[in-house]
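Asks: The sequence and its predicted three-dimensional model are supplied below.
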Amino acid sequence: MSNYRFILIDTGIIVAFYDVKDHYHQQVLNFFNICHSQLITTIACVTEVMWLLSPNIKVQNEFLLALEKEVFICEHLLPSDYQRISELNTIYQDLPGDFTDLSLIVISERLNISEIATLDKDFDVYRRYRKQAFNRVFFPKG
C-alpha cells in the first residue's frame with residue numbers, strides 16, 4: 001500500500017472501519033494497518049458516512065475528529081466539477097451513478113488519482129477520463 005501517495009476512499013470503507021458490527025470491519029482494520037497513503041474523500045462521502053453512522057454520536061464525532069486531524073482529507077468540489085458530474089450522470093444513468101460515486105470520479109480525474117479503496121463494485125465499471133479503469137487497492141473477501 002505504501003507505494004501510493006494518495007488513495008481515494010469511498011463511504012463503505014469508512015463506515016466499515018467505524019462500525020464494529022460491519023461484515024468488513026476486520027478486513028478494513030487490516031487494510032488501514034498496512035496503508036500509509038494519504039486517504040482522500042469528498043464531502044458527499046462525508047455526508048453519507050455521517051448518515052450511516054447515526055444515531056451513534058460518539059462514533060460520528062470520532063470520524064469528525066479524524067477529518068480534523070486529516071486522517072482523511074476531504075477534497076471539496078469546484079464549480080467546474082459539477083459540469084463533469086452532469087456528464088458522468090448521463091454516461092452512467094443505467095447503474096445509476098450516485099452523486100457520491102460521481103464526485104469521487106471527478107476528484108480522481110482532477111487530482112489524477114487512480115487508486116481507490118471501495119466496497120462498491122460499480123468502480124469496476126466506472127472509467128476515469130472515459131477510458132481508464134480505477135485501480136482498486138482493497139479487495140474484500142466474503
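Replies: Everything's here; your move. Residues are numbered from 1 along each chain as shown.
Asks: which regions of the chain sit below the pLDDT cut-off?
Replies: 1-3 (pLDDT under 70).
Asks: can you map out the strands along it?
Replies: For the chain, the strands defined by DSSP state E cover 6-9, 38-42, 72-75, 115-117, 127-128, 132-133, 135-136.
Asks: Now mean neighbour count and distance to residue 66 too, for those, in JSON lines please.
Replies: C-beta coordinates here come from the backbone N, C-alpha and C atoms, glycine included. Listed next are the strands of the chain as JSON lines, based on neighbours: other CB atoms under 10 Å; distance: least, CB to CB, whole Å:
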{"stretch": "strand 6-9", "mean neighbour count": "24", "distance to residue 66": "11"}
{"stretch": "strand 38-42", "mean neighbour count": "21", "distance to residue 66": "9"}
{"stretch": "strand 72-75", "mean neighbour count": "17", "distance to residue 66": "6"}
{"stretch": "strand 115-117", "mean neighbour count": "23", "distance to residue 66": "15"}
{"stretch": "strand 127-128", "mean neighbour count": "16", "distance to residue 66": "26"}
{"stretch": "strand 132-133", "mean neighbour count": "12", "distance to residue 66": "29"}
{"stretch": "strand 135-136", "mean neighbour count": "16", "distance to residue 66": "22"}
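Asks: want to try JSON lines for these, with distance to residue 98 as columns?
Replies: Compiled in JSON lines, those are given as follows (distance: least, CB to CB, whole Å):
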{"stretch": "strand 6-9", "distance to residue 98": "15"}
{"stretch": "strand 38-42", "distance to residue 98": "12"}
{"stretch": "strand 72-75", "distance to residue 98": "17"}
{"stretch": "strand 115-117", "distance to residue 98": "15"}
{"stretch": "strand 127-128", "distance to residue 98": "16"}
{"stretch": "strand 132-133", "distance to residue 98": "19"}
{"stretch": "strand 135-136", "distance to residue 98": "18"}
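Asks: Quick one, which of those gets closest to residue 82.
Replies: strand 38-42 (12.4 Å; CB to CB).
Asks: hang on, the earlier thing: quick one, which of the strands of the chain is nearest to residue 65?
Replies: strand 72-75 (10.6 Å).
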